[in-house]
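J.: My questions concern the predicted model and sequence given below.
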Amino acid sequence: MSAFLTSSLMHNIFGGLAQGVVYSLVALSLVIVWQSTHVLNFAQGAMAMFATYIGMTEIDRGIGYWWCVIISVAVGMIVGGLTERVLIRPLYGKPEINPIVVMVGFLGVLEALSAAIWTSSTRNIAEPFSQIFYHANGNLVYLSPFIIFQIILAICIMLLVAALFRFTRLGLQLRASALAPEVSRLLGIRVSRMLTIGWMLSAGVGAIAAVIQASGSFGLFPTNMDGIFVAGFIAAAVGGLESPIGAVAGGLLIGLAEQFILAYWSPNVAPLGGIIILVVALMIRPQGLFTKHAGRRV
Amino acid sequence: MIRVQNLSVNYGAVKALRDVSFEAPTGQITAVLGANGAGKTTLLRTISGLVTPKTGSIHLDERPLVGVATENIARMGVAHVPEGRGVIEELTVEENLRLGAMAAKVDLAEGLREQYERFAALGERRKKLCSTLSGGERQMLAMARALIAKPRVLLLDEPSLGLAPQVTAQLMRSIHDLCESEHLTVVLVEQNAKSALRIAHRAVVLHLGTAVASGDATSVAADDNLRRYYLGVVVE
């Protein structure tokens, strides 16, 4: 058993899963916004990074790590809600390219603003759990308390989001507002409030991804979510953009693919993993691996 | 009671409704009849607040509805079953019903029990996705979802569309019975003038956005000219 745990196969699986769950969270946050407002939020990563900066700055004031996580998520949700109200709401009913252009611009603004406030240099954040790998019979198991925390936290968030959408009144109203906004209004549901809540939820999930990413060995810098966003975006596209389960599966798949390419080919081509999976997935099922409908309403 | 006065609606340069006035009395069925493009759907959408009129007023009893948001009009007790029924296909039968009850302050369990009693077929299919329902079942669900909120006013847009003649006759009977048992104010938009006039107390005939006649359903039904020129009913 210990030989199996310490094998290079398991090393790559653990490493792939650890990165994959971050991609899954970003993909999930993109799917929530897409489902509720049919907007592709290109600033998702930058919004999460900005929220993490604000939350993690509090560590300097002597507040504990967990409070900073809560502050990051709360700030993320506020930024998400405000973005929907101020930047996106005036664009409903306009050509689909308009919100995309606005959010790409917003991404640039947030990254520039973060660099101006906190500088571009990498900040290392004291992780809540050790990153030292476990040992079994004297051999390394490529699993650390931090990686286990990262995977468990991501799974909990995903289950919570799934439960919210599936079992709660709010979740049902969110789904209905996204699926049939006009009918929902005729039933007395405050659809515009639901759209704001959808953006808040999405930004909260994104902030958790950014906190995990920044707490690991990568640290926090203004563009640290750019690559993660691209992988998350590909994961969401592979899953079909409308399926939370697809987003999670897509993220894990890309994390694993990158890790195996890194191990058996070259670290320089690891980002190709996502692209290869996207191309293959789109060739097999252009609507996404987990989307039920063959077509999409345009 | 719904009171519409001098209502005009424009879609850009197109005049969809011109100076339309009528009353839909409490506890009665008012049929709104006319050919395609007469403005029937626009009229219902304007009452629900989905379309803003250019001029005119709409009152629910004494309360003005123009300028009130759609969701608030729904919360005031106006249930609108839109054209095509508006059943959310990706949700189950019960989820659709739960949505209907959500904004109204009603007991959900009691409401569900009542609707499953009224429409037994829905009870049997409560866990099924609505995309699997037949046209008749969808119409039942649309009605049940509106009724579960215990509305005062029911706006029905072409409920007979796509239904077989026997199903339409059954539907019209249940609309009539509901109106009596629940003391509902019903505004029934229909192209199928014959079926609608059979159960309606009052009728309004629209032609190219103008109300060309309104009054007792029996007198509208007896007017050969109206029937021949506007309602497409063959006069023997």
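T.: The structure has been received and is ready for your questions.
J.: Please make it C-alpha for all contacts and neighbour counts, starting now.
T.: Will do.
J.: right, and residue B:35 touches residue B:209 too?
T.: No - between residue B:35 and residue B:209 there is no contact under CA atoms under 8 Å: 10.4 Å.
J.: More neighbours: which of these two?
T.: residue B:209 (25 against 19; other CA atoms under 10 Å in any protein chain shown).
J.: how about the more buried one, phi and psi?
T.: In terms of degrees, to the nearest 10, the main-chain angles of residue B:209 are phi 90, psi 0.
J.: For it, which non-adjacent residue is spatially closest?
T.: Of all residues not flanking residue B:209 in the chain, residue B:17 sits nearest, at 4.0 Å (CA to CA, 6 or more residues apart in numbering or on different chains).
J.: Now do the same for the one you found: helix, strand or coil?
T.: What DSSP: H, G, I helix; E, B strand; the rest coil gives for residue B:17 is strand.
J.: Just grab the bridge partners of it for me.
T.: residue B:9 (DSSP bridges).
J.: what sits against it?
T.: B:7, B:8, B:9, B:10, B:39, B:42, B:43, B:208, B:209, B:210 (CA atoms under 8 Å, 6 or more residues apart in numbering or on different chains).
J.: can you pull the contacts of the fifth one?
T.: Contact criterion CA under 8 Å, 6+ apart gives B:16, B:17, B:206, B:207, B:208, B:209 as the residues in contact with residue B:39.
J.: likewise the third one?
T.: Residue B:9 sits next to B:15, B:16, B:17, B:18, B:52, B:53, B:54, B:55 when contact means CA under 8 Å, 6+ apart.
J.: same thing but 10 Å
T.: Applying CA atoms under 10 Å, 6 or more residues apart in numbering or on different chains to residue B:9 gives the contacts B:15-20, B:39, B:42-43, B:46, B:51-56, B:209.
J.: And residue B:5, by the same measure?
T.: Residue B:5 neighbours (CA under 10 Å, 6+ apart): B:19, B:20, B:21, B:22, B:23, B:55, B:56, B:57, B:58, B:59.
J.: hmm, 6 Å instead?
T.: B:21, B:56, B:57 (CA atoms under 6 Å, 6 or more residues apart in numbering or on different chains).
J.: what's the following helix or strand after whichever helix in chain A runs longest?
T.: Ranked by number of residues, the top helix in chain A under DSSP state H is helix A:8-37. Going down the chain from helix A:8-37, the next helix or strand is helix A:44-60, by DSSP states H and E.
J.: which secondary structure elements does that following helix contact?
T.: Judged by 3 or more CA pairs under 6 Å, 6 or more residues apart in numbering or on different chains; DSSP states H and E, helix A:44-60 is in contact with helix A:65-82, helix A:191-215.
J.: looking at those, which is buried most?
T.: Stretch with highest mean neighbour count among the helices and strands packed on helix A:44-60: helix A:191-215 (a mean of 26; mean count of other CA atoms under 10 Å in any protein chain shown).
J.: How about residues contacting that one?
T.: A:22, A:25-26, A:29, A:32-33, A:36, A:48-49, A:52, A:73, A:76-77, A:80-81, A:84, A:125, A:127, A:174, A:177, A:220.
J.: circling back: weed out the non-buried ones from the contacts of residue B:5.
T.: Buried members of those, counted by 16 or more other CA atoms under 10 Å in any protein chain shown: B:21, B:56, B:57.
J.: which of these are close to chain A?
T.: Residues of those in contact with chain A (CA under 6 Å from any CA of the partner chain): none.
J.: Which of those residues fall in strands?
T.: Mapping the buried ones among the contacts of residue B:5 onto strands (DSSP state E) picks out B:21, B:56, B:57.
J.: Might you enumerate the residues of the stretch 101-250 of chain A proximal to chain B?
T.: For the stretch 101-250 of chain A, the residues in contact with chain B (CA under 6 Å from any CA) are A:183, A:185, A:186, A:187, A:188, A:189.
J.: Can you add distance to residue B:230 and mean pLDDT and give the helices and strands packed on helix A:44-60 back as JSON lines?
T.: Shown next, in JSON lines, are these (distance: least, CA to CA, whole Å; pLDDT from 0 to 100):
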{"stretch": "helix A:65-82", "distance to residue B:230": "51", "mean pLDDT": "94"}
{"stretch": "helix A:191-215", "distance to residue B:230": "38", "mean pLDDT": "94"}
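J.: Spatially central residue for chain B, please.
T.: Nearest to the geometric centre of chain B sits residue B:156, at 1.4 Å (CA atoms, centre = their mean).
J.: The single nearest residue of the stretch 51-200 of chain A relative to chain B is in what secondary structure piece?
T.: Going by CA to the nearest CA, chain B is nearest to residue A:188 of the stretch 51-200 of chain A, at 4.0 Å. Under DSSP H and E, no helix or strand contains residue A:188.
J.: Repeat that for residue B:203.
T.: Residue-wise, residue B:203 maps onto strand B:202-207 under DSSP H and E.
J.: Which strands border that strand, and is each parallel or antiparallel?
T.: strand B:29-33 (parallel), strand B:210-216 (antiparallel).
J.: Mind putting the ones you listed into TSV with mean pLDDT and mean neighbour count?
T.: Converted to TSV, these look like this (pLDDT from 0 to 100; neighbours: other CA atoms under 10 Å in any protein chain shown):
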stretch	mean pLDDT	mean neighbour count
strand B:29-33	96	29
strand B:210-216	92	17
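J.: could I get those as a markdown table with distance to residue B:190?
T.: A markdown table is the format used below for the strands paired with strand B:202-207 (distance: least, CA to CA, whole Å):
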| stretch | distance to residue B:190 |
| --- | --- |
| strand B:29-33 | 6 |
| strand B:210-216 | 15 |
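J.: coming back round to it: what's the closest of the ones in strands among the buried ones among the contacts of residue B:5 to residue B:126?
T.: residue B:57 (40.1 Å; CA to CA).
J.: separation between that closest one and residue B:34?
T.: 22 Å (CA to CA, to the nearest Å).
J.: So which bits of the helix or strand that residue A:154 is a member of are buried?
T.: Here residue A:154, judged by DSSP H and E, is contained in helix A:145-167. Judged by neighbour count (16+ other CA under 10 Å), helix A:145-167 contains these buried residues: A:146-151, A:153-155, A:157-158, A:161, A:165.
J.: which bits of chain B sit near chain A?
T.: B:71, B:74, B:75, B:86, B:100, B:103.
J.: Tell me which two in those are the farthest apart.
T.: Of all pairs in the residues of chain B next to chain A, the most separated under CA to CA is B:75 and B:86 at 17.7 Å.
J.: Report pLDDT for the residue lying closest to residue A:261 once chain neighbours are set aside.
T.: Computed as CA to CA, 6+ apart, the closest residue to residue A:261 that is not its neighbour in sequence is residue A:270, at 5.3 Å. At residue A:270, the predicted lDDT confidence score is 75.
J.: Next: residue B:130.
T.: For residue B:130, pLDDT reads 94.
J.: So what's the residue count around the residue nearest to it when sequence neighbours are not counted?
T.: Leaving aside its chain neighbours, residue B:130 sits nearest to residue B:89 (4.5 Å; criterion: CA to CA, 6+ apart). By the criterion of other CA under 10 Å, residue B:89 has 16 neighbours.
J.: How confident is the prediction for residue B:89, by pLDDT?
T.: 94.
J.: So it lies in a helix, does it not?
T.: No - looking at residue B:89 with three-state DSSP, it is coil, so not inside a helix.
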